[in-house]
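Sequence and predicted model, in that order:
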Amino acid sequence: MERPNLIFVLTDDQAQWALGAYGNEDIHTPNMDRLAKEGMLFTRAFTSPVCSPSRAMIMAGLYAHQVGIDDWISPQESEGLDPEKPTLAEAFKKAGYTTALIGKWHLGKEERYHPLNRGFDYFMGFLGGGNRPKDPTLIINGKEQQVEGYLTDILTEDAMRFIRGNRKRPFALFLHTRAPHMPYTPVPEEDMAHYEGKKLRVPKVEGFPEERLQKEYREYYASISSIDRNLGRILDLLEELDLEENTILVFMGDNGYMIGHHGLETKGNAWFIGTRRRRPNMFDLSILVPLIIRWPKVIKPGTKCDEMVCSIDFLPTFLDVLKETGCEVFEGIKLEGMSMLPLLRRERVKWREEICMLYDMHHGAEAHMRMIRTDRWKLVLHYEKGGKNELYDLKSDPGEERNLFGEESAAKIQKELAERLTRWRHEVGDPKLAQR
């Protein structure tokens, strides 16, 4: 097998529901939809409910707490991705690839965590979590400077320059957008034009004006359409350079998102919309993400995968891909994820029957959530003071509206799930167990 190139597009706060290919008829995402038609769409891709932990899981193939990250990293914090743990970028570099990160890092701003010290040959972007959607401040050639223009356009232009410059050798490009993270605007007029004067489908939220929801949705969707337009530029360039066939293109969101769903706004550290009152959560809407992978040489166009995959699966997957091409790879390293390569090939394989996750939130409120999710059931145990445990029957209640925790009718499954979750917590070295 010829060594394939990799382009990994990671968006920031894009919900799975905010994409045409997942059934949203209001949003304009023709290029994301094209990827789904030409590749494999994953209906159940899970990750951490906030960004830094999710990014750590993608990079390290381990749970975030295993690499020193518990919540999103604030500008005041000095933590980062454990330098002792190999990264996805280091795997590609070891295999002889030219590697680049363009956009958001958010895995530590100290020198030892810098992308250039974590396997990337080239970095242009920003180390923290936030930036302006227009006229951003970026690190370019090692120097911080303000750049005129729209951030997603600027990042894409640099990504295209990198692709052109490295088209004759294997490359791994990670393009991490800041969009559609708040604030959603400003965006170019052409991206907002899709939504001007349109009435969009929005949730009903008691006590919150629908016109405000309509405005939020228009701006959120426009930000996503801005990413989509730029994704189209990259797809066109790959075609022009004849790189399409031998390039794996991964498109993914870094966590789920809510605007009015459950009466909440944002993700696992959500607040009740229109208030400052937090509601830490592990709802599917916070942990389910869009994931589409196109690889023309391997993936049959227009396929769907309904298995439960996770952000920890990328490193084992790409180690398998690199191994098959005869590349030198890391051997004997501890990984928590599973290789998705058999799924991409549509091979029959025994797959996981549950997803487990933990999230120790300390920004905005304190929460310590431990979750197990199967095909039918989800149990979320809250270890923070005043936290209320949750149990949902996803078959009869996919929207997670009816909490069955403590009900006699669900006592047997509650006990079984709690025991399975405890086993997992011991296996992965849950820090809360060590504190007892």
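Nice, thanks for sending it over. Computed from a predicted structure; not experimentally measured.

Using the record's assignment, carve this structure into domains.
5-344, 355-434 (automatic domain parsing).

Quick one: distance of the shortest one to the chain centre.
The chain centroid and the centroid of domain 355-434 are separated by 21 Å under C-alpha atoms, centre = their mean, to the nearest Å.

Quick check: beta-bridge partners of Met357?
Beta-bridge partners for Met357, by DSSP bridges, are Met371.

Check the burial of it by counting its neighbours.
The local packing of Met357 (other C-beta atoms under 10 Å) involves 25 other residues. Yep, even glycine has a C-beta here, placed from its N, CA and C like the rest.

Could I get the contacting residues of it?
Each residue near Met357 by C-beta atoms under 8 Å, 6 or more residues apart in numbering is listed here: Phe46, Ser48, Pro49, Tyr63, Met282, Ile287, Arg370, Met371, Arg373.

Would you mind confirming that the fourth one makes contact with Met57?
By that I understand Tyr63. Yes: counting by C-beta atoms under 8 Å, Tyr63 does reach Met57; the two are 6.5 Å apart.

Quick check: neighbours shared by these two?
Common neighbours of Tyr63 and Met57, using C-beta under 8 Å, 6+ apart, are Ile312.

out of those two, which sits in the busier spot?
Taking other C-beta under 10 Å, Tyr63 and Met57 do not tie; Met57 has more neighbours (28 against 24).

So the nearest residue to the more buried one once chain neighbours are set aside versus Val50, what's the distance?
Spatial nearest neighbour of Met57, excluding adjacent residues (C-beta to C-beta, 6 or more residues apart in numbering): Ser311 at 4.1 Å. Distance, Ser311 to Val50, by C-beta to C-beta, to the nearest Å: 12 Å.

cool, Lys215 as well?
When distances are taken as C-beta to C-beta, Lys215 and Val50 turn out to be 25 Å apart.

The two: who's more crowded?
Taking other C-beta under 10 Å, Lys215 and Val50 do not tie; Val50 has more neighbours (28 against 16).

on that earlier part again, pick the most buried one from the domains of the chain.
For these, the largest average neighbour count (mean count of other C-beta atoms under 10 Å) is found in domain 5-344, namely a mean of 20.

Could you tell me the end-to-end distance of that domain?
Using C-alpha to C-alpha, to the nearest Å, the end-to-end distance of domain 5-344 comes to 16 Å.

From the centroid of the protein, which residue is nearest?
In the chain, the centroid-proximal residue (C-alpha atoms, centre = their mean) is Asp254; its distance is 1.9 Å.

Was I right to think it contacts Gln16?
No: counting by C-beta under 8 Å, Asp254 stays clear of Gln16, with 11.9 Å between them.

Residues in contact with both of those two, list them for me.
Contacts common to Asp254 and Gln16, judged by C-beta under 8 Å, 6+ apart, are Val289.

Run through the residues that contact Glu336.
Here Glu336 is in contact with Gly61, Leu62, Tyr63, Gln66, Ile312, Val428 (C-beta under 8 Å, 6+ apart).
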